[in-house]
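Asker: Next come a sequence and a model predicted from it.
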Amino acid sequence: MTRKKPPRGGNAKPQRPKPPAAPGGNGKPHRGITSERQELERLEGVIKDGERPRRKAIGALREIRQRDLYKSAGYATFDDYVEQRWGRTRQWATQEINVLRVVELLEAATGKDTYQFSKAAIQPISYLLEQEPEEFLWVYQEAAKAGEPVTEGAIRSALNPSRDYIRTRDMWERYQEDTKVPQARRIALTREEAQVLGDPYQYRDYSGDLVEQAKEKPAAEGKTWQECLPALCREAGKLPRPVHLLAAARGDDLEALCQPLAGLIKEWEDKKRLQQEAQEHQNKAKELRRRAAVLGRTQGEGESDGTEGKGAGDIPDEDDAQMAPLLKRVAAICAKNWPQAGPVHQQFYTPGQPIKTEQGDKRILLLVPRL
C-alpha cells in the first residue's frame, strides 16, 4: 500500500504578508509608517525641549496636526492625541496654533516681530486665518488703529464692515459668473465701493431690476436714468440690488449714483424711528392710564372725607395676603412718579379704621394690611 504524499505546501508554515510596495513600482517595502513615526518622535522632542522657544514647540504641534502624524502612534484623532499625549484640550491647541499663525501673518505684512493681543481678542476672527488671511490682516490693522494692546471690542467693531465687504464681494462674483462675463472683463469689487453701497438689506428689491426699469423712463420723461432712479425707488419703497448698481456704474460714477439713494435711506429710517416713538408714546400713555386707575382705586379706598372706614373696612382679613403684592406695586409707582414727595409713607391698618396720609402738596397713600 502506497502512502499518498501530502499536497505541496500543505504542512508548510504560513508566511507573513509582504509589506506593500513603495509608490513607483520598484518592489521595495513601503517605509512610510516608519518614517512618519520617526518624524513624529522628532517633533515631539522639539515640544518636550523646554529650552527651545515656545514658538518652535507650537510650530511642531501644528505640523503634527497638518500631516496627521499622530495616527502613526495609534491615535484616531488629533483631539485624542493632544489630550492623552500632552494632557491638553483641543481648544488650547487650536488657540496656540492660531496665535502662531497670526504672528506669522503680521510679520510677513509689516516686518514687526512684537505684537500685543490676547487669545480672546483674536477669537472672533480666527475663522479668517485659513479662509480669508488678507481680510484677517485688514480687520486686525483696523482694530490696531485704536491702540495696543488690541482688544476684542476693537476687533468686533472692525469685523462688521469686513463682513459687509465679503458678502457684497461674493454676490458680485456670483453675478458675474451667472451673467457669463468673460474673465478678462471681470472687475473686482473695491473696499471703497462696498462702503459706498452700504448694506441696507431690508430695503433691497430682490424681485426685479430697478436699474433697468429706470433706464426705460428717460425717453418718456426727458431725464437721464440716473435722475429717474431715486423717484422710482421712492415709489417702490425699495433700493436696487448692489450687483445691479455695480453693473451700471463703478468708481466715482457709483458714488454719485448712490448719494441720492443714501438720502432715501435716511428718510425711511427717520420715518421708521418716528413710528416707533409714536408707538412707544402710545404704550406709555396706556400704562399711565392703567397706573392712574390703580392709584385712584387705592386712594379712594383709603381716603376719608366724612365717611369713616369706607374702603379700608371693606377689605376682608382673608384677602390681606392677596392685596400685599398690589400695594407694593402701588408704592413703587408713587416713588417713581412723585419723587419730590419723599419716601412713601407706609401704615399698617386694621379693617374698619380710617387712614389718611399727606406729605406736602402730594398725597402719597399706601395701605399695608396687618397680616
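Answerer: Okay, I see it.
Asker: mind listing what's buried in the helix or strand containing R163?
Answerer: In the assignment (DSSP states H and E), R163 maps to helix 152-178. Neighbour-count burial for helix 152-178, with 16 or more other Cβ atoms under 10 Å as criterion, is recorded at 152, 154-155, 158-159, 161-162, 164-166, 168-169, 172, 175-176. To be clear about C-beta, it is placed using only N, CA and C from the backbone, and glycine gets the same treatment.
Asker: residue ranges for the strands of this protein, please.
Answerer: Ranges of strands within the chain are 346-349, 366-369, based on DSSP state E.
Asker: Go through these and find the least confident stretch.
Answerer: Lowest mean pLDDT within the strands of the chain: strand 366-369, a mean of 43.
Asker: shaky segments in this protein?
Answerer: 1-34, 50-52, 113, 199-201, 218-221, 294-371 (pLDDT under 70).
Asker: Try it again at 50.
Answerer: The chain contains residues with pLDDT under 50 at 1, 9-30, 302-320, 341, 344-355, 357-371.
Asker: Check which helices and strands the helix holding R163 sits against.
Answerer: helix 119-122, helix 133-144, helix 191-197, helix 242-248 (3 or more Cβ pairs under 8 Å, 6 or more residues apart in numbering; DSSP states H and E).
Asker: For stretch 204-219, which outside residues touch it?
Answerer: Residues from elsewhere that reach stretch 204-219, judged by Cβ atoms under 8 Å, 6 or more residues apart in numbering: 223-229, 232-233, 236, 238-242, 244-245, 247-248.
Asker: re earlier: okay if I get the helices and strands packed on helix 152-178 as JSON lines plus mean neighbour count and distance to I47?
Answerer: JSON lines is the format used below for these (neighbours: other Cβ atoms under 10 Å; distance: least, Cβ to Cβ, whole Å):
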{"stretch": "helix 119-122", "mean neighbour count": "18", "distance to I47": "19"}
{"stretch": "helix 133-144", "mean neighbour count": "19", "distance to I47": "25"}
{"stretch": "helix 191-197", "mean neighbour count": "19", "distance to I47": "40"}
{"stretch": "helix 242-248", "mean neighbour count": "21", "distance to I47": "48"}
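Asker: With distance to E269 added, can I get these in JSON lines?
Answerer: Below are the helices and strands packed on helix 152-178 laid out as JSON lines (distance: least, Cβ to Cβ, whole Å):
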{"stretch": "helix 119-122", "distance to E269": "32"}
{"stretch": "helix 133-144", "distance to E269": "25"}
{"stretch": "helix 191-197", "distance to E269": "17"}
{"stretch": "helix 242-248", "distance to E269": "18"}
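Asker: So for K271, which of these sits nearest?
Answerer: Closest to K271 of those is helix 191-197 (Cβ to Cβ; 21.9 Å).
Asker: got the CA coordinates for the closest one in CSV?
Answerer: This file holds the C-alpha atoms of helix 191-197, laid out as CSV (Å, rounded to 0.1, in the frame of the first residue of the first chain):
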residue,chain,number,x,y,z
ARG,A,191,-13.5,98.1,-0.4
GLU,A,192,-14.4,101.8,-1.1
GLU,A,193,-17.2,100.7,-3.5
ALA,A,194,-18.5,98.3,-0.9
GLN,A,195,-18.6,101.1,1.7
VAL,A,196,-20.4,103.4,-0.8
LEU,A,197,-23.0,100.7,-1.4
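Asker: Now do the contacts for L106.
Answerer: L106 touches 112, 115, 137, 140, counting by Cβ under 8 Å, 6+ apart.
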